[in-house]
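S.K.: Quick one: sequence and predicted model below, then my questions.
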Amino acid sequence: MWNRLQERLEQFLKGRYGRDELFYVLLVLSVLLWTIGLFTAVIVLIVLGMILMVLAFLRTLSRNSAARKKENSYLMKVWLPFRRGVKLWYYRIRDCRKFVYVRCPGCRATIRMPRRKGTGRAVCPGCKTRFEVKVLWQWPGTYDDE
Ligand SMILES: [Zn+2]
């Protein structure tokens, strides 16, 4: 009996789209809406959360993979630059003692340089643009030759 059930389930799931990033975003959003809705007793938020949850699972069962991929690509257009920005700020804070992050005037790339007080020269490794970098302060005791 279990084998037949498993077979049927496999048959049912064959060719379905499955989970992607948008699935998890919808899931997290629905749980957030539920939580806020439960604490504020706003029914609309709870219902909206339920709709998003149902939508998330219906998407995983869809056979129209092209359309689902397109929906997910809209999310990734926003999500990837956002994630890159958050990562960069994390690195900036983590490395703030030893490094400065500057933007290349040629190609807008972000370049990491040693944090040494004063005006220095930089060459972008990407587009080879040469530019000046002014560092306003450095952490005391970071470099041995102070
Ligand atoms: Zn550059």
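M.R.: Okay, I see it.

S.K.: The spatially most central residue of the chain sits in which helix or strand?
M.R.: Most central in the chain under C-alpha atoms, centre = their mean is Arg83, positioned 3.0 Å from the mean C-alpha point. Element membership for Arg83, per DSSP states H and E: helix 65-94.

S.K.: so for that helix, what's the average pLDDT?
M.R.: For helix 65-94, mean pLDDT rounds to 94.

S.K.: That one: which residues count as buried?
M.R.: Within helix 65-94, the residues that count as buried by 16 or more other C-beta atoms under 10 Å are 68, 72. Placement of C-beta: from N, CA and C, glycine included.

S.K.: and what of stretch 33-43?
M.R.: Those buried within stretch 33-43 under the rule 16+ other C-beta under 10 Å are 33-34, 37.

S.K.: Among the residues you listed, which lie within helices?
M.R.: In helices, defined here by DSSP state H, the members of the buried residues of stretch 33-43 are 33-34, 37.

S.K.: Now render the residues you listed as CSV, adding pLDDT and distance to the ion.
M.R.: Output for these, formatted as CSV (pLDDT from 0 to 100; distance: C-beta to the ion, whole Å):
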residue, pLDDT, distance to the ion
Leu33, 96, 43
Trp34, 95, 46
Gly37, 95, 48
